[in-house]
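# Predicted model, plus sequence, below.
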Amino acid sequence: MAASREKKRDPKVTLALLWGEQEQPRRGPKPSLTAERIVSGAIAIADAEGLHAVSMQRVAADLGVTTMALYRYFPGKGELVDLMADSVLGAPPEAIGRSEGWRAQLTAWARACWALYRAHPWILTATAMRRQLMGPNQLAWLDAALAALAPAGLTASQQHDTVLLIIGHIRSLAQQLVHADEEGNEEWNRLAGEVLERHGHRFPALAAAIAAGAFAPHDDDPLDYGLERILDGVAYLIDHS
């Protein structure tokens, strides 16, 4: 039954759930659950074990109810995940808009967004669809970024593309964190070192970069370099438009 529900997603239902516009049950006993409680339970599972661990059955079990009880609120896992993503994002920090100038505001926006991806890595998978329906919190984040760029003199398309560049950088870093494996990295480094000892003369630029510490661990926030280069490019575009 759950599988058949997942195959027939209605975007109108998802939008109604995201925006709190779904009809409430008018008959029957007072519900012992709420959509918010279900979403919170699912988020707790995703934070602890990853999005793959979230299922209607698992969430119901953790909440101490039957799986069918969840279907009173959500047609299936897809709709639940959409609300999980919007809920965990929350509203963007108000401090973003109080920063001085578009660059400072976008930097604050990116850092806040990066912090969310680090705290909840499953957001990467939950928001992977290009045409995903967005709820009020997701739209508020986009609105805050566009508001930062609005006075800078860029076209609407350039503003949007700039936001996409920044979020793309953040998602790329988040993807690396998802697959981070310290033990695996050590083994990979050991094997790569052995290969380069034998064949480094074939890749002189790479060998020189490694010898100079290009791949050595560092304490800098991985967000910084790429973000600064993106913003440098935007600043150049603004100055030469």
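Great, that's in hand. Numbers count the residues shown, from 1 in each chain.

# CA atoms for contacts and neighbours, from now on please.
Fine.

# Touching, E79 and L15? I think so.
No - counting by C-alpha atoms under 8 Å, L15 is not a contact partner of E79; they are 9.2 Å apart.

# between those two, who's got more neighbours?
Between E79 and L15, E79 has the larger neighbour count (other C-alpha atoms under 10 Å), namely 21 against 18.

# separation between the more buried one and P121?
Going from E79 to P121 by C-alpha to C-alpha, to the nearest Å gives 19 Å.

# Tell me how this structure divides into domains.
Following automatic domain parsing, the chain resolves into domains at 2-88, 92-239.

# What sits closest to L231 if chain neighbours are left out?
Closest residue in space to L231, ignoring its immediate chain neighbours: R103 at 6.9 Å, by C-alpha to C-alpha, 6 or more residues apart in numbering.

# count of neighbours near Q105?
The local packing of Q105 (other C-alpha under 10 Å) involves 21 other residues.

# Correction: the previous question concerned A156.
Neighbour count of A156, defined by other C-alpha under 10 Å: 12.

# quick one: pLDDT of it?
At A156, the pLDDT value in this model is 96.

# Could you list the alpha-carbon positions for the longest helix along the chain in CSV?
Taking DSSP state H as the criterion, the chain has its longest helix at helix 156-178. C-alpha atoms of helix 156-178 as CSV (Å, rounded to 0.1, in the frame of the first residue of the first chain):
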residue,chain,number,x,y,z
ALA,A,156,17.2,39.8,-12.3
SER,A,157,18.7,36.9,-14.2
GLN,A,158,22.2,37.7,-13.0
GLN,A,159,21.0,37.9,-9.4
HIS,A,160,19.4,34.5,-9.7
ASP,A,161,22.4,32.9,-11.3
THR,A,162,24.6,34.3,-8.6
VAL,A,163,22.5,32.7,-5.9
LEU,A,164,22.7,29.4,-7.9
LEU,A,165,26.5,29.7,-8.0
ILE,A,166,26.7,30.1,-4.3
ILE,A,167,24.3,27.3,-3.4
GLY,A,168,26.0,25.1,-5.9
HIS,A,169,29.3,25.7,-4.1
ILE,A,170,27.7,24.9,-0.7
ARG,A,171,26.0,21.7,-2.0
SER,A,172,29.3,20.5,-3.6
LEU,A,173,31.0,20.9,-0.2
ALA,A,174,28.1,19.2,1.6
GLN,A,175,28.4,16.3,-0.9
GLN,A,176,32.1,15.9,0.0
LEU,A,177,31.2,15.8,3.7
VAL,A,178,28.6,13.1,3.2
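
# Return the set of buried residues in it.
Within helix 156-178, the residues scored as buried using 16 or more other C-alpha atoms under 10 Å are 159, 162-163, 166-167, 169-171, 173-175.

# swap in stretch 44-64?
Neighbour-count burial for stretch 44-64, counted by 16+ other C-alpha under 10 Å, picks out 44-47, 50-51, 54-60, 63.

# picking that back up, what angle do the helix or strand hosting the residue nearest to L231 and helix 156-178 make?
Assigned by DSSP states H and E, R103 falls within helix 101-119. Counting by axes from the mean of the first three to the mean of the last three C-alpha atoms, to 10 degrees, helix 101-119 lies at 30 degrees to helix 156-178.

# Buried residues, the helix or strand that comes right after helix 101-119. List them.
Downstream of helix 101-119, the first helix or strand assigned by DSSP H and E is helix 123-126. For helix 123-126, the neighbour count (16+ other C-alpha under 10 Å) marks 123-124, 126 as buried.

# Brilliant, that's me finished.
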